[in-house]
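>>> I would like the atomic coordinates for the input below:
(one chain, ligands or ions: 1)
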Amino acid sequence: MQGEGGNSAREMRIDGDEIALRRRFLALGDTDVELLRRLHEVLPADGHGFTGAFYDMLRTYPPLAGLLRDDATVTRLRAAHERYFRELTAGRYDAAYVARRLEVGLTHARIGLEPKWYIGAFRAYLSAMMHTVWDRFDGRREDVLPTLDALLKIALFDLGLTLDTYFHADKRRIALRDRAIESSVNGIFIADAQQADYPLIYVNPAFERALGARTGAVLGQPCICRNHGDDGYAEIRHAIASGSEGTTVLELHREDAERRWVELFLAPVRNEADAITHYVGVLNDVTRRKDAEERLNHLASHDPLTGLPNRMLFHDRLRHAIARRNHGALAVLFLDLDRFKLVNDGYGHDVGDALLREVAARLSSCLRAEDTVARLGGDEFVVLIEDLPGAEFAATVAGKIAARLAEPVVIGGRTLPVSSSVGIALHPRDGSDPQTLLKNADTAMYRAKEAGRGGFCFYAGEMNAQAHRRLDLENGLRRALAEGQLEVHYQPQVSLADGRVSGVEALVRWRHPRDGMIGPAEFIPIAEETGLIVPLGEHVLRTACKQLADWDRRGLVVPRLAVNLSARQFRQPDLADRVCRILDEIGLSSSRLELEITESTVMRDADDSVETLRRLRARGISVAIDDFGTGYSSLSQLKRLPIDTLKIDRSFIEGIPGSAEDVAIVGAIAAMARSLGLKLVAEGVEHPAQRDFLRTVECEEAQGWLFGRPLPADVFVCNHASGRAVSPADGGAVASCA
Ligand SMILES: Nc1nc2c(ncn2[C@@H]2O[C@H](COP(=O)(O)O[C@H]3[C@@H](O)[C@H](n4cnc5c(=O)[nH]c(N)nc54)O[C@@H]3COP(=O)(O)O)[C@@H](O)[C@H]2O)c(=O)[nH]1
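Model prediction:
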């Protein structure tokens, strides 16, 4: 079997056995073949004549009229048709016959001639043949009927082959389409739009490759086009919502984290009722294009020497930061290297370049990931700090930069002198747009240069003193701890029932070698921010515990020691262990210690706080809530806390007994403490009238200048050795003792 028909016969598995089977099923036996041959002999060799009327009829159907427009075509087709039907009765129904029939069928399928026209042609042929057979056999029933029967069988045999070629052509088309889709370099997927999450019901291998997924792993998974929160999907979400086509470029999130960018085209697939049943998506890998774009963008927006953002990108980031600023301020730091020109001119540009690269690296190391450092050109750098916790933070960063840049830079074996001057402008007070902020930071930088190299300067002059003071304290605090400049003073807490000292509160002070005594209100917040509060707090605790142990040895009665605990200390997971280690080290019972924690610290994360408080109390340490009344805790919150004492904040004591409001508040707090079984201590008691009022609301203890100010240990002893509370009138005794 040769030709397309032969190939088709093989593909359709129509071999000798199949031909025999089909003939048997149609009862097309040898007798029929004989009858058909007999008929063939009596039929005119030049045609049956039925095709003329048939083609006239076909030309009346609009879909065919176009195909059969000119007479020459019709004449050619008629001749082919006559040959086709003539072969029908020739009596050789072997493989070659079948191959020729299939070829005709395939040709018709290819040109789009539908089977209905084919069936119509057979009908016309058979109708015409009934007359022909009747005439040729003179209406003899014994000849006419078997011959027509044989004709019907062979016609149906042919018709069967023809219909099979149509199915086969369809299958071939579908198989070709499937192979083409499977071989496509574009990822293709089909998602079921009638189920939530649009599960993927088909994906081709290129799609799996693009996603880095194993074969079959993504089938049934939600379509990447559905419910995706990324901005890149906005267009796709819109396309889905409006039932239209959509396209977008997006980054794929692959399991192996390899970066891949794709262009996604998504189109709805509709059924006959025009409802969307599926989505078909095509992915085009555009990673290379995207990488090239990014390289170009990077080149256009970065300084080639240092790799830092350039002026354009800095402006852009600053503009965006100003636009989206919703919490915290912004700071722009303008930085210029002192004497850079000398390095460049003296040692050459290569050394100058290396120095600039080193400066860039040092600057980056001083900043948080979310800050921006850029090189404007020459030796000018700028820094953008977003979400500034406070203006002093900008000063801290500027100080850090100045210190880091002051460290010696060694290039090519030479140590280069480097220092910088930094100008700081804050948004919004020093400017509301990028140009103004940069200009003002630049002005401030010149002022810093004038004031002496290696420093920083705020644009708004009044901030300089404040910032420098803070930085000074921050730098000095470390030294203060190491050099023993921190002292602990003690303030008595007295029982309001009998005036006896019930405890002492340890309060830290900084004896600054230049500035004299500095109060904790100024340096504790800095210690808290820098983390120094942890060693500082432990220093206070250790010193105070040693003092108490010493008093014990000397027979002085101080029943309880209260020590303040900062928020950062309170959040230490091993707080109870740390405190107990110090108590053990000194040999002091934990029952003598009360830790004071502010109400706001405890309430910040109430669940964790409950756990920490529980651990402390399990070790026998008492807990007091300090500054109570300022943190807005409710009765129900308070009820949950495992604590011993409430210390009413000084601000409520100030107004009693004159202020009806303060009287009511202190009365309510006292009632609440009583109902919760907590001891109540009033802070900041300065006048006897306050003490007397506190007695009426059954407040157990008080602390304040009325009973004694915070004093160094030796002075405290002179004042309170008798265990009695001291009145302001005793001030002379304190002085003489000291
Ligand atoms: N984490 C730590 N915090 C500490 C430590 N030492 C002190 N502090 C906290 O610093 C804040 C200020 O303390 P200080 O300047 O020592 O003020 C205390 C008292 O001097 C003052 N006080 C006491 N009586 C009176 C008074 O009659 N009138 C008046 N005007 N002031 C008075 O109150 C402060 C005690 O406050 P409190 O701790 O809330 O009981 C302060 O918040 C300290 O807590 C430390 O080592 N670690």
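>>> so which bits of the stretch 601-738 of the chain are right by the ligand?
With the criterion set to CB under 6 Å from any ligand atom, the stretch 601-738 of the chain comes near the ligand through 626-627, 647, 650, 683-686, 703-705, 710. Heads up, the C-betas are built off the backbone N, CA and C, glycines and all.
>>> give me the subset of the residues you listed that lies in strands.
Among these, the subset assigned to strands under DSSP state E consists of 626-627, 647, 703.
>>> burial count for the residue in the stretch 301-450 of the chain positioned nearest to the ligand?
Using CB to the nearest ligand atom, the closest approach of the stretch 301-450 of the chain to the ligand is made by E392 at 18.3 Å. Number of residues near E392 (other CB atoms under 10 Å) recorded here: 20.
>>> nearest spatial neighbour of E487, skipping sequence neighbours?
Closest residue in space to E487, ignoring its immediate chain neighbours: R509 at 5.0 Å, by CB to CB, 6 or more residues apart in numbering.
>>> sec struct for the one you found, please.
With DSSP: H, G, I helix; E, B strand; the rest coil as the basis, the three-state label of R509 is strand.
>>> okay, it: pLDDT?
pLDDT for R509: 98.
>>> for A217, grab phi and psi.
The phi/psi pair for A217 (degrees, to the nearest 10) reads phi -70, psi -30.
>>> just list the residues touching it, thanks.
Counting by CB atoms under 8 Å, 6 or more residues apart in numbering, A217 touches E208.
>>> farthest pair in the ones in strands among the residues of the stretch 601-738 of the chain next to the ligand?
Using CB to CB, those span at most 12.5 Å, a distance reached by D627 and Q703.
>>> shared neighbours, those two?
647, 683.
>>> may I ask which helix or strand encompasses the closest residue to the residue of the stretch 301-450 of the chain closest to the ligand other than its chain neighbours?
Nearest residue to E392 in three dimensions, chain neighbours excluded: R470, at 4.7 Å (CB to CB, 6+ apart). Element membership for R470, per DSSP states H and E: helix 462-482.
>>> so, in contact with the ligand or not, that helix?
No: judged by CB under 6 Å from any ligand atom, helix 462-482 stays clear of the ligand, getting no closer than 12.2 Å.
>>> list the buried residues of that helix.
Using 16 or more other CB atoms under 10 Å as the test for burial, helix 462-482 gives 463-464, 467-468, 470-471, 473-474, 476-477, 480-481.
>>> the residue of the stretch 301-450 of the chain closest to the ligand belongs to a helix, doesn't it?
Yes: according to three-state DSSP, the state of E392 is that of a helix.
>>> so it touches A465, yeah?
No: using CB atoms under 8 Å, E392 is not in contact with A465, being 11.8 Å away.
>>> immediately after the helix or strand that contains F157, which helix or strand?
Using DSSP H and E, F157 sits within helix 141-183. As assigned by DSSP H and E, the chain's next helix or strand after helix 141-183 is strand 187-192.
>>> adjacent strands (with direction) for the next helix or strand after that next one?
Later in the chain than strand 187-192, the nearest helix or strand by DSSP H and E is strand 200-203. The strands beside strand 200-203 in its sheet (DSSP bridges) come out as strand 187-192 (antiparallel).
>>> circling back: now the residues of the stretch 601-738 of the chain next to the ligand in CSV, with pLDDT and neighbour count?
Listed next are these as CSV, based on pLDDT from 0 to 100; neighbours: other CB atoms under 10 Å:
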residue, pLDDT, neighbour count
D626, 94, 26
D627, 92, 18
K647, 96, 27
R650, 94, 17
E683, 96, 20
G684, 96, 18
V685, 97, 27
E686, 97, 15
Q703, 98, 25
G704, 97, 21
W705, 96, 16
P710, 97, 21
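>>> just the element for the residue lying farthest from the centre of the chain, please.
Residue distances from the centre of the chain (CA atoms, centre = their mean) peak at D138, which lies 92.4 Å from the mean C-alpha position. Counting by DSSP H and E, no helix or strand carries D138.
>>> tell me the phi and psi of it?
When read as degrees, to the nearest 10, the backbone of D138 gives phi 50, psi 30.
>>> quick check: the gap between it and the ligand.
Using CB to the nearest ligand atom, to the nearest Å, one obtains 129 Å as the distance from D138 to the ligand.
>>> the stretch 451-600 of the chain against the ligand: which residues are in contact?
Contacts of the stretch 451-600 of the chain with the ligand, taken as CB under 6 Å from any ligand atom, map to 491, 505, 507-508, 519-521, 524, 537, 540, 564, 566, 596.
>>> low-confidence stretches in the stretch 251-400 of the chain?
In the predicted model of the stretch 251-400 of the chain, residues 325-328 satisfy pLDDT under 70.
>>> the helices in it, which residues?
Counting by DSSP state H, counting those that start in this stretch, the stretch 251-400 of the chain has helices at residues 287-301, 311-324, 340-347, 349-365, 391-406.
>>> buried deepest among those helices, which one?
Among those, ranked by average contacts under mean count of other CB atoms under 10 Å, first place goes to helix 391-406 (a mean of 20).
>>> what's the angle from it to helix 349-365?
150 degrees (axes from the mean of the first three to the mean of the last three CA atoms, to 10 degrees).
>>> just how off-centre is helix 391-406 within its chain?
Computed by CA atoms, centre = their mean, to the nearest Å, the chain-centroid distance of helix 391-406 equals 31 Å.
>>> tell me what that helix is packed against?
strand 329-338, helix 349-365, strand 380-388, strand 419-427, strand 456-458, helix 462-482 (3 or more CB pairs under 8 Å, 6 or more residues apart in numbering; DSSP states H and E).
>>> ok, residues contacting whatever helix or strand comes next after it?
Following helix 391-406 in sequence order, the next helix or strand is strand 409-411 (DSSP H and E). The contact list for strand 409-411 (CB under 8 Å, 6+ apart) reads 347, 351, 354-355, 358-359, 415-416, 418.
>>> what pairs with strand 409-411, parallel or antiparallel?
When sheet partners are counted by DSSP bridges, strand 409-411 sits next to strand 414-416 (antiparallel).
>>> R479 contacts L486, doesn't it?
No: taking contacts as CB under 8 Å, R479 lies outside contact range of L486: 10.6 Å.
>>> looks to me like D430 is in a helix.
No: assessed with three-state DSSP, D430 is coil; it does not lie in a helix.
>>> isn't it up against N440?
Yes: applying CB under 8 Å, one finds D430 in contact with N440, separated by 4.7 Å.
>>> name the residues contacting each of the two.
Shared contacts of D430 and N440 (CB under 8 Å, 6+ apart): Y459.
>>> can you pull the phi and psi angles for the residue in the stretch 51-200 of the chain that the ligand sits nearest to?
Closest residue of the stretch 51-200 of the chain to the ligand, CB to the nearest ligand atom: D197 (53.1 Å). Main-chain torsions, D197, degrees, to the nearest 10: phi 70, psi 0.
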